[in-house]
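[1] fold the following for me, if possible:
(2 chains)
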Amino acid sequence: MNVEIDTSAFTEEAYELLSELEDSLLELEASPQDQDLISRVFRAMHTIKGSGAMFGFDAVAEFTHEVETVFDMARNGTIPVTKQLIDLTLAARDHIRSLLDAAASGDAVDQANANRIISGLRSLSPDKKPAGGSTTPAAPTGSKAPAQTAAAKEPNIFRIRFTPNQDIFGTGTNPLLLLNELRELGECRIVAHTEKLPDFDDLDPEVCYTGWEIFLTSEIGENAIRDVFIFVEDECELNIRLLDRDQVIRDREESKKLGQILLERGDVNASELERALMPLGDRLVQAGVVSPDKVRAALTEQQVIQEKHDKKKTAETATSVRVPSDKLDSLVDLVGELVTMQARLNQTAGTIGDHTLQLIAEEVERLTAELRDNTMSIRMLTIDTTFNKFKRLVRDLSTELGKEIELITSGGETELDKTVIDQLNDPLVHIIRNSIDHGVEGPDVRRARGKNPVGKITLAAIHSGANVLIRVEDDGAGLDANKLRAKGIEKGLISADDELSEKEAFQLIFAAGFSTAAKITNVSGRGVGMDVVRRSIEGLRGSIDVNSTLGKGTTITLKLPLTLAIIEGLLVMVENEYFVLPLAAVEECVELSRDDVKKAHGRHVINVRGDIIPYIRIRDRFEIEGNAPEIEQIVISEVDEKRIGFVVDKVVGQHQTVIKTLGKNFQHSEEFSGATILGNGGVALILDLTKMVRYVEEEELHELEVQ
Amino acid sequence: MSNEQTTTSSTQYLTFTLGTEVFAVDIAKIREVLEYTQVTKVPRTPAFMCGVINLRGSVVPVVNMRQKFNMTQGEKSVNTCIIILEIAPEEDGGVVVMGALADSVREVMELEPNQIEPPPKIGMRLRTEFLKGMGKQDGRFIMILDIDKVFSVEELSAVQSAG
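    Predicted structure coming up:
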């Protein structure tokens, strides 16, 4: 039989499980007693084994079985969770991965490695064979325990019928307080039975006429409920029943209703059926069998159970949907086109001036913005997974280099566009490898320098406007600006009499072929790397910044845009040309009159409420011909934590900007991060303010030097 | 050289004019021909880069062919058009879409391999590596362009960094 089975679902799931396995193992290393973590590791392996066998990955299933057996003992407490066990399990995890890779590519696998891992794992288990036998019966008890706790966590629905005796007020009891107490136990729905309530004239305020039915959804047991009523037990009728009728409801859903069957058989027609199908409650009330209150109570009961059922259902379906990323890409493209079209609609509506049309255009604008945000959020992933990968990297690499390094991550929940995350991995690997190899010193050196022998690398992600900052911080040796300068001169990157600020010297590490490492290890030191890092970060429209204190450590900060596809922009005009500035950076717009220019004696600075702000004239910068208007506009933006103005003729307004790349042919015009299409079909260029400021600074410095 | 590849069968070419001269491009490289539309100039780029246009939602750079070949500048006319080309850069398999500004587009013609002669090495006022060969029609020369070379990334960026 040669049936092609689509195994991609399995491999995809298996890869995911493997990375989860890795995370759990690393966590387990930190807290080896955590039974929950051990179970998680076990579960992951068990699933890989099970589905592996199902999809014909016998090698995977067999190997995983061996590992699972040993881990089962760990779970039962037969063997302790040691570093050795975790090392081996991590190695086993890598082997499973290579088995999966091999299955996909058809390459041979390293069987010797597998044998080594298995024999290593077997040696961990207690020597005597019978011990292995005794663990087998122990397994079910182990697996039952979590099952029970799981059942206990499942919320129950209780129906509590609480009918106080009429003289309950006499004992000073307030039934309402009891009800409040119940509310604290869980989600409560209370129906009051007021049918015994006499007419107002006959009412005795000291007599309790009411009873209650309470539907409590809670994880607690029946006894806890009884405790609430412990002092009034003798003064009331109390009836507590556990309602858990999921099964009943499910069964009922599946079977056809009588009316439906009759209809299908043609025995009744729909309108006849309708008449007969008066709600049961109403019919019973009409027949005088039950009181309306009772019906209401019963209906509430039904509702509570139904809600719980629904909640469970949504919880089951709401988990996640797997979608190929190219589908998402095309969705984003479509949204981009829609945004462009919407801009056109707005413009047209504005020109025509028809009020109704304008209303529609506004509505479409709102919807488009919402659709855009939603689509973008679908593409957003937490940076968590990327961070977790580095735990393993740091662990393995530091052991290899004989260093002790602890990786601390924070801000893992920060979300970034999928494309950014995908392309962020390699640069981060480079940076972290550098930190481990060159940054953090060996334990002996650290001790000699009076530092904690265990080095620390902090990996943090934080939001900052439309950007995300990713900071890699180590407490290692730091960068030596003098050494860098000397090396730079040696390599001919700078001339001997160049005056370099510390920051400029740090920037040298990004030059191609630059390395101050005395010896080349297989980790780093070849001088490729940091220039690649910078290039890929800039490819993501991000920037990179280095800060270092000699002897204290180095901090590398990556600044990345949240998304690569659509941004909010500020549309401006110079002469007839349109430009877009990223709105997130814009702080305010002020006017620049000829007078202001005169007051500054031709220097490109302006006084805004006491702050001196330098500005760049876009008109001059881009050599646009024509005469500037009497009053120009300065868009003040924050660039690299400095406030800088950009002078334009006119500020048009906010613009949803779909970023289109300018393509390879314009890769040298770095002052633009892309282009966008305007409502009138024209093209506007998006300014990369950071780069523009940097170029202007450089050029002005050169000009001054020439003078 | 590259003209050897075309010896197997006849190929269709689109001819266009720059001034009074006729040029031809392999039709397989051409996506479409547009009327001249407003081109957005990208500041600080070499003069032969006209700028960018909006081609149904994507941004496409346009090259002024006259300037690229160091010819005198002509006036825009009703015949001025933008030829949208698909360039295959050497390194990766992707296709780059570019526009070429031409004075007018003439026709699609078929040329047998034996109608194409290798370009002379001198006297062309044009870098010969841009040419695949010379064709003849009614006693006039047609310069067949190797468009991948004319629009190669190195070609465009090399001049750019110099300019």
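[2] every contact and neighbour count from this point should use C-alpha atoms.
    Will do.
[3] wasn't A:Ala53 part of a helix?
    Yes. Looking at A:Ala53 with DSSP: H, G, I helix; E, B strand; the rest coil, it is inside a helix.
[4] the residue in chain A that chain B sits nearest to: what's it in contact with?
    Closest to chain B within chain A is A:Phe622: 5.2 Å, counting by C-alpha to the nearest C-alpha. A:Phe622 makes contact with B:Pro43, B:Arg44 under the criterion C-alpha atoms under 8 Å, 6 or more residues apart in numbering or on different chains.
[5] recalculate using a threshold of 10 Å.
    Residues near A:Phe622 by C-alpha atoms under 10 Å, 6 or more residues apart in numbering or on different chains: A:Val574, B:Lys41, B:Val42, B:Pro43, B:Arg44, B:Thr45.
[6] again, but for A:Pro582
    A:466, A:567-571, A:637, A:654-657, A:686-689.
[7] could you check how far it is from A:Glu638?
    According to C-alpha to C-alpha, to the nearest Å, A:Pro582 stands 10 Å off from A:Glu638.
[8] between the two, what contacts are shared?
    Common contacts of A:Pro582 and A:Glu638 (C-alpha under 10 Å, 6+ apart): A:Leu689.
[9] buried sites along the helix or strand hosting A:Ala14?
    Take DSSP states H and E as the rule and A:Ala14 turns out to sit in helix A:8-30. Across helix A:8-30, burial judged by 16 or more other C-alpha atoms under 10 Å in any protein chain shown covers A:10-11, A:14-15, A:17-26, A:28-29.
[10] please apply the same query to stretch A:600-613.
    A:Val605, A:Ile606.
[11] now do the end-to-end distance for that stretch.
    This stretch, stretch A:600-613, spans 11 Å end to end (C-alpha to C-alpha).
[12] report the secondary structure state of the residue lying closest to B:Ile116 once chain neighbours are set aside.
    Distance criterion C-alpha to C-alpha, 6 or more residues apart in numbering or on different chains; nearest residue to B:Ile116, sequence neighbours excluded, is B:Gly135 at 4.7 Å. Secondary structure state of B:Gly135, per three-state DSSP, is strand.
[13] which helix or strand contains the closest residue to B:Val42 other than its chain neighbours?
    Of all residues not flanking B:Val42 in the chain, B:Gly51 sits nearest, at 5.1 Å (C-alpha to C-alpha, 6+ apart). Using DSSP H and E, B:Gly51 falls within strand B:49-55.
[14] list the helices and strands that strand packs on?
    When contacts are defined as 3 or more C-alpha pairs under 10 Å, 6 or more residues apart in numbering or on different chains; DSSP states H and E, strand B:49-55 sits against strand A:672-677, strand A:683-687, strand B:58-64, helix B:65-68, strand B:96-102.
[15] make a markdown table out of the ones you listed and add distance to A:Arg643 and mean neighbour count.
    Below are the helices and strands packed on strand B:49-55 laid out as a markdown table (distance: least, C-alpha to C-alpha, whole Å; neighbours: other C-alpha atoms under 10 Å in any protein chain shown):
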| stretch | distance to A:Arg643 | mean neighbour count |
| --- | --- | --- |
| strand A:672-677 | 19 | 25 |
| strand A:683-687 | 16 | 25 |
| strand B:58-64 | 31 | 23 |
| helix B:65-68 | 40 | 18 |
| strand B:96-102 | 38 | 23 |
